[in-house]
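Engineer: based on what follows, work out the 3D shape:
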Amino acid sequence: MPTKLMLVFVGFDFIFAACGGLLMGFSVMSEQNQRADPTLDNVAQNLLLGQCPLTAGVVNSIFIFVTFLLSLPALFLPHNRGWLRAQGWLVVFCATFTLGLGLSVWVETLQTRRRLEGIWGRESTLIQSLLQQKFDCCGYLNETSPPFVIDNTCKNALVAAQKGGCIGPFSAFANTYLDRIFTAAFGIVGIDVILVLCVAMVLKYRQEQERYRHIDEKNGMGGL
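Structural biologist: Just a heads-up that it's a prediction; the model follows:
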């Protein structure tokens, strides 16, 4: 009969694997979306995702899956501690990896306005026009810096001057969107930390069980 400790450990082990699946799915889908034709719905997200470490996210998820697979022997070998130790160190590695990804995205939010200006300047007039339509604005800083793109939103200089630049709404959108990404990464790190604690408790429990067996064997009870 499994103990409550083992049930909790197994539960968080599968949650850990599910986090790897979410990370893999998000990274792969984001890379696919970036290759799609730009539209009003995806233009801003795709520009921001282009600044995120998506390939590193795929690599991280692979490490998570490998760690989960290596944890299975620990579940089916109730007296073994070697597999548990290996899993514990690998979970620490995965947590550090994920934390690094989250911090890299968080750093992006600290320099949003400066980075977005460079991104805006590198994009084609089509992308700039889509951004203007999405955020109902003209130009980045204002209608002249850089010059706005003439489209249905910014039909002329007078309209462009009234609407103002995109720096405000675009930056606000970017901060909100990136906040969700790095918050999710930090949440995965939290799951990793709990799993490491579970591994440590299971190791302690098995160590005590081993000590009791040795005591019973010395007392002639055959390790029962």
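
Engineer: so what's the gap between the longest helix seen in the chain and the chain middle?
Structural biologist: Using DSSP state H to define each element, the chain has its longest helix at helix 167-218. Put simply, helix 167-218 sits 14 Å off its chain's centre (CA atoms, centre = their mean, to the nearest Å).

Engineer: what packs against it?
Structural biologist: helix 4-34, helix 43-49, helix 82-110, helix 112-122, helix 125-135 (3 or more CB pairs under 8 Å, 6 or more residues apart in numbering; DSSP states H and E). Where C-beta positions appear, they are placed from N, C-alpha and C, glycine not excepted.

Engineer: what's the mean pLDDT across that helix?
Structural biologist: Mean per-residue pLDDT for helix 167-218: 86.

Engineer: just stretch 40-54 next, same as before
Structural biologist: pLDDT averaged over stretch 40-54 gives 90.

Engineer: list the buried residues for it?
Structural biologist: Across stretch 40-54, burial judged by 16 or more other CB atoms under 10 Å covers Asn42, Val43, Ala44, Asn46, Leu47, Leu48, Leu49, Cys52, Leu54.

Engineer: show residues contacting that stretch.
Structural biologist: The contact list for stretch 40-54 (CB atoms under 8 Å, 6 or more residues apart in numbering) reads 27, 30-31, 33-34, 36, 38, 101, 104-105, 108, 115, 119, 123, 127, 130-131, 133-135, 170, 173-174, 177-178, 181.

Engineer: going by mean pLDDT, which of the helices and strands packed on helix 167-218 comes out lowest?
Structural biologist: helix 112-122 (a mean of 85).

Engineer: between that helix and helix 125-135, how many degrees?
Structural biologist: 140 degrees (axes from the mean of the first three to the mean of the last three CA atoms, to 10 degrees).

Engineer: so which elements touch helix 112-122?
Structural biologist: Other helices and strands packing on helix 112-122, by 3+ CB pairs under 8 Å, 6+ apart, are helix 167-218.

Engineer: between the helix it packs on and helix 82-110, how many degrees?
Structural biologist: Going by the same axes, to 10 degrees, helix 167-218 makes 170 degrees with helix 82-110.

Engineer: tilt between helix 167-218 and helix 4-34?
Structural biologist: Going by the same axes, to 10 degrees, helix 167-218 makes 150 degrees with helix 4-34.

Engineer: may I have the phi/psi pair for Asp136?
Structural biologist: phi 50, psi 60 (degrees, to the nearest 10).

Engineer: now for Ile64, how many residues are close by?
Structural biologist: By the criterion of other CB atoms under 10 Å, Ile64 has 28 neighbours.

Engineer: so who does the residue lying closest to it once chain neighbours are set aside touch?
Structural biologist: Distances taken as CB to CB, 6 or more residues apart in numbering place Gly20 nearest to Ile64, at 3.1 Å, with adjacent residues excluded. Counting by CB under 8 Å, 6+ apart, Gly20 touches Asn60, Ser61, Ile64, Phe65, Phe68.
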